[in-house]
Structures are given as C-alpha cells and as structure tokens.
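Engineer: Curious how this folds, go ahead:
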Amino acid sequence: MRLSELQNAGRSPALPLTLTLADAAGTAELQLLSLLRVLPGQRYVGAGVWRGRTVLAKLLVGPKAARHFQRERDGVLLLADQGITTPLLLADGLQEGEGGWLLFELLENAPSLGQTWEKVQHLPALADEQQAVLGEALTAIGQLHLKGLWQQDLHLDNLLRHGGRSYWIDGAGICVEQPGQPLSRQKVLENLGVFFAQLPKRFEPFTEELLLHYLLSNGEHGLPMEALQKQIDKVRQWRLKDFLAKSGRECSLFSVVDTASGFQAIRREEVEAMQPVLDRADDLLATGHLYKTGGAASVGRVEVQGRPLVIKRYNIKGFGHWLKRFWRPSRAWHSWREANRLMFLDIATPRPLAVREERVLGLRRRAWLVTEYIDGPDLIERFAPYVDTAAVPEAELQALDTLFEQLRRERISHGDLKGHNLFWHQGRWVLIDLDAMCQHSSQAAFATAYARDRERLLRNWPADSALYRMLEQRIAATVE
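Structural biologist: Numbers count the residues shown, from 1 in each chain. Got it, this is the predicted structure:
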C-alpha cells in the first residue's frame, strides 16, 4: 500500500499492511501489525516492523500531513536536544503528495501513566497508589518546564513508564519559550492548570500537597494557589464544554451517526457491544424486567451476554404529544448529555453507554437510552429502618452531604429528586432519571431550583418524623 492510500482507509484498515517508505539509507518496507490510535484520514499510530526491528510508527496523511509532520518532528527534537527522556527517533520522511512518517523505538510493556491511573483512580482520594502516579507525572512536568518546554496537550497518556523512567511522547504538543531556560511563571501556571483540571474535583483539596512533587523538580517560581486555582477553573470549564460537544459528534471518544432518519451516539469502546442492543432494544425490553411501562416512558433491566443493562424508551403517546416533542432534542438525548456531564464532574450516575433517536425527515419520534445497571437499594429503602429514630449510619449521611455539596458547587438541579432516584452503590449516592436535570448559569435560577429539589427530597418522609427533622437541619436550605 502507498502511504497516501491511508487517507481513504477509514478508522479500521485491514491489518497487517505493508508500506514502502524511503529515508536517507534507501527504501524499506514497514509492516504495520497493530494500530494504537487512529484519526481517520489524518493520523495512524501503531506498532510494526522496519528493517528487522520493532518500531512505533506515526503515519501522517491528508492535506495537513506536512504541517503535522513538522510539528511532531520539531517537538521530538526539542525534547532530545534538552535531554528530556523520550523514545528514540529512528527514521522519518516527508513526501509531497504521499504524507509523512516517523518511526520510534518501541518501548515494550510500557504502560502510560493514564493506564496506570485508571487502575487506582477509584480509590479514596489521594491514596498512596494515586499519589505515586500523580507525583511521577508532576516530577516529569517540572523537569520539562525547567528546560523551557511545555506539553500543550498535557495528559497522563503522554507519559510512558519504562525501566523505572518516565518517557514523554507526542512531540506535536511540545512548545518552547526559551530553550534551556526555566519556563516563565505564567506559562507554568497555565500548563499546571491544564494538568490539575483533568483530575476529579474530589482531588482539589490536595492540589497544594501534590504540587510539592513539582516544586522538588523545579523550584524556580513561587506558585500562588489562588492564581493556580483560577487557571484550573478556567480550563475545567472549557474541557466540560468541549467534552459535551464531543458527546454529540463523531470523534475518538464517541461513535455518532446523525441523519434525517435518525441520530445515534455510542461510547467508542462500547460500539461492538451496544450496536446490537440498540438494534434490538424493543425486543430486549419486552423480555426484560420492567420497572415502568406505557405512558411517556418504558424502563427495564435487561441482560446481554451476561451483562446487566438498563434500557429506557421514551414513547410518543399520541399526535398531540408528538407535536410537543418532534421539534426539540429528545429526553433521551438530554439524559445522555446530562449523564456525561455528571461523569465528567465526578458526580455518581450510571454510566451512559448509548442513545438513539428515531426520526422521520428530521422530525423526532421515539428515543432510547442505554446505561449500565446499578445494583443497590434506593434512598427510600435504605433509610426505611431509621424514619422514627434518624439513626442513619454516618457514612451514608456524609455521602449525602457530599452529593448536595457537589450539586451546589456546580449549580446543578435534578428536577425530580425523589428517593427512588437515588441509589446507594459502592459508598456513594448515585443519581438516576436525569430527564429534567439542569446546570444553571445564574445563581438566582439555581437557588430556586435547588429549593425545589430539597423540598422534594424531604417530602419522602412524614414532616413529623425524626428522619425528616434531622435531614431538614442537615441539608442546607439556601445556596451561597
């Protein structure tokens, strides 16, 4: 295959494939055996064999290939010139009309810090295992900044762990201020803001403690926490907006099909499992355990290849109902978006897996939402033994405090906060039924909606019960 043919190869070209590439030593064949990352029509990154050696290949095609090649090569050379640990660049080339390529030494069995973080991120905040990963990353960032460099696309997957050392990858994101001179304080704050903004908010109280790892490798500047927090908040707001936009379009995170006859979005890693579920959603519901049927929605627990799932179908009750619904995004889409919002903000909710809207000439009809199944008692069941005594276990009360604190901090109202929409699962209260959820832009609007949520929650129990009185005192009545 010619390099330029990759431009039309889509997301999953047939492997293995052989490319003939030329460098200063002449032409040789690259046999590409696996793909690690694909940006269709632009970038293909994978492992292969070149002149008898296993390599990591970055293949750049399409109209922007020359620019992307130059950025990647310049960044890699900057890292090497400044003595920053990075995989060795073995060969590279750029051919007009074909594309560019860079071949690196392949670090065998070298997990990224992102992969390591995935294994420990659900532990209690700043467990030793988490501190080890984040400390390693911050030490590497400090060393990078000390040489006048920063990684524009800073995240844990751009650091590999191999042989007890951290390796920087993705040269395209490497920028320079003054080579060999410590990065200015403003650039340091901006780049650290990008790093810390990617951590769940429950780690925010530990920012100063984590920052010590950075300062031990680069103590050139005093870093005021207020200024750093301002950068973190700025980046976090941008990342949330960007993430929600991606949840509705084709990208590396989501597989999306949007036509006049229908809309469908699936988490990229779930496509193979969820496509058959969407295609058979009605049949699965008919044979599953139904929680609710008929009316505006049908909800049921189903099992697919041993995996429990929840399918919620949003029905059209009649012509009048359709007139109210066809012109605006479906409640399935709204719930999909809000569930992704909650996950981004580290607020517990069942993981949204897929959504589909049925359309006729662009006009919306029925819709389906598929989420993970959460096993556990709801709030009504969990608190039932304590209605008269209010002797609720403190851990469950603290978890409820945390949930309300998160909702107040993010200005999020649920819209129907009855006890059946809160489930106790793995030490957290999990929100479900997000049809009416809203993140408010104004404090005044949120205050009104928050008061309704609080009142609806308390209404689960008699006003003269001990549990009601205790929760009424415990849950803040107003927002600051």
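
Engineer: in the stretch 201-350 of the chain, which spans are helices?
Structural biologist: 207-217, 225-246, 271-279, 281-287, 319-325, 331-344 (DSSP state H, counting those that start in this stretch).

Engineer: Could I get the buried residue list for the third one?
Structural biologist: Of the residues in helix 271-279, those buried by neighbour count under the rule 16 or more other Cβ atoms under 10 Å are 273, 274, 277, 278. (Glycine included, C-beta is placed from N, CA and C.)

Engineer: so what's the second one scoring on pLDDT?
Structural biologist: Residue 274 is assigned a predicted lDDT (pLDDT) of 97.

Engineer: List the residues that contact it.
Structural biologist: Shown here is residue 274, whose contacts under the criterion Cβ atoms under 8 Å, 6 or more residues apart in numbering are 266, 267, 353, 354, 370.

Engineer: neighbours around the closest residue to it other than its chain neighbours, how many?
Structural biologist: Across the structure, with Cβ to Cβ, 6 or more residues apart in numbering as the measure, the residue nearest residue 274 apart from its sequence neighbours is residue 354 (4.1 Å). Each residue near residue 354 was counted by other Cβ atoms under 10 Å, and the total is 26.

Engineer: How much space separates residue 354 from residue 132?
Structural biologist: Distance from residue 354 to residue 132, counting by Cβ to Cβ, to the nearest Å: 35 Å.

Engineer: For the residue nearest the centre of the chain, give its distance to residue 222.
Structural biologist: If you average the C-alpha coordinates of the chain and look for the closest C-alpha using Cα atoms, centre = their mean, you land on residue 344, 6.0 Å from that point. Counting by Cβ to Cβ, the gap between residue 344 and residue 222 amounts to 31 Å.

Engineer: Next: residue 8.
Structural biologist: Taking Cβ to Cβ as the measure, residue 8 and residue 222 are separated by 53 Å.

Engineer: Which strand or helix spans the residue nearest to residue 274?
Structural biologist: With the criterion set as DSSP states H and E, the secondary-structure element containing residue 354 is strand 352-360.

Engineer: For residue 383, state which of the buried residues of helix 271-279 is nearest.
Structural biologist: Using Cβ to Cβ, residue 277 is the member of the buried residues of helix 271-279 that sits closest to residue 383, with 33.5 Å.

Engineer: list the contacts for the closest one?
Structural biologist: Taking Cβ under 8 Å, 6+ apart as the test, what residue 277 contacts is 284, 302, 304, 309, 311, 353, 354, 370.

Engineer: out of those residues, who has the most neighbours?
Structural biologist: Of all the contacts of residue 277, the most densely surrounded is residue 370 (28 neighbours; neighbours counted as other Cβ under 10 Å).

Engineer: helix, strand or coil for that one?
Structural biologist: strand (DSSP: H, G, I helix; E, B strand; the rest coil).

Engineer: quick one, what contacts it?
Structural biologist: Listed by Cβ under 8 Å, 6+ apart, the contact set of residue 370 reads 274, 277, 278, 281, 309, 310, 311, 352, 353, 354, 355.

Engineer: how about the nearest residue to the third one, chain neighbours excluded?
Structural biologist: Nearest non-adjacent residue to residue 278, counting by Cβ to Cβ, 6+ apart: residue 356, 5.0 Å away.

Engineer: OK, contacts around residue 466?
Structural biologist: Each residue near residue 466 by Cβ under 8 Å, 6+ apart is listed here: 386, 387, 388, 389, 390.

Engineer: just residue 50 next, same as before
Structural biologist: Counting by Cβ under 8 Å, 6+ apart, residue 50 touches 21, 28, 29, 30, 31, 57, 90, 91, 103.

Engineer: The fourth one belongs to a helix, doesn't it?
Structural biologist: No - following the definition three-state DSSP, residue 30 is strand and is not counted among the residues of a helix.

Engineer: Tell me if I'm right that it and residue 21 touch.
Structural biologist: Yes - with the criterion set as Cβ atoms under 8 Å, residue 30 and residue 21 qualify as a contacting pair; they are 5.4 Å apart.

Engineer: List the ones among the contacts of residue 466 that fall in strands.
Structural biologist: Among the contacts of residue 466, no residue falls in strands (DSSP state E).

Engineer: Any chance of CSV for those residues, columns neighbour count?
Structural biologist: As requested, the contacts of residue 466 are arranged in CSV below (neighbours: other Cβ atoms under 10 Å):
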residue, neighbour count
386, 17
387, 16
388, 11
389, 11
390, 18
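
Engineer: And the protein, what are its domain boundaries?
Structural biologist: What the record gives for the chain is the domain set 3-105, 113-234, 254-372, 379-474, from automatic domain parsing.

Engineer: Give me the below-cutoff pLDDT ranges for the chain.
Structural biologist: Within the chain, the stretches with pLDDT under 70 are 24, 294, 316-328, 361-364.

Engineer: could you redo the last one with a cut-off of 50?
Structural biologist: 322, 327 (pLDDT under 50).

Engineer: Give me the distance between the closest residue to residue 462 other than its chain neighbours and residue 394.
Structural biologist: Among residues not flanking residue 462 along the chain, residue 468 sits closest, at 6.2 Å (Cβ to Cβ, 6+ apart). Summarising the geometry, the distance separating residue 468 from residue 394, computed by Cβ to Cβ, is 18 Å.

Engineer: who has more neighbours, these two?
Structural biologist: Neighbours per residue, other Cβ under 10 Å: of residue 468 and residue 394, the larger number sits with residue 468, 17 against 9.

Engineer: show me what contacts that one?
Structural biologist: Under the criterion of Cβ under 8 Å, 6+ apart, the neighbours of residue 468 are 458, 461, 462.

Engineer: How about the secondary structure of it?
Structural biologist: With three-state DSSP as the criterion, residue 468 reads helix.

Engineer: Check the spacing between it and residue 250 real quick.
Structural biologist: Counting by Cβ to Cβ - residue 468 and residue 250 are separated by 49 Å.

Engineer: again, but for residue 404
Structural biologist: With the distance defined as Cβ to Cβ, residue 404 ends up 37 Å from residue 250.

Engineer: Then residue 2?
Structural biologist: In this structure, residue 2 lies at 26 Å from residue 250, with Cβ to Cβ as the measure.

Engineer: ok, now residue 177?
Structural biologist: Using Cβ to Cβ, one gets 35 Å for the distance from residue 177 to residue 250.

Engineer: now residue 104
Structural biologist: 28 Å.

Engineer: just residue 76 next, same as before
Structural biologist: Distance, residue 76 to residue 250, by Cβ to Cβ: 29 Å.

Engineer: ok, these two, which is more surrounded?
Structural biologist: residue 76 (24 against 15).

Engineer: Show me the helices in the stretch 351-480 of the chain, by range?
Structural biologist: Listed in chain order, the helices of the stretch 351-480 of the chain (DSSP H, counting those that start in this stretch) span residues 379-383, 394-410, 443-458, 466-474.
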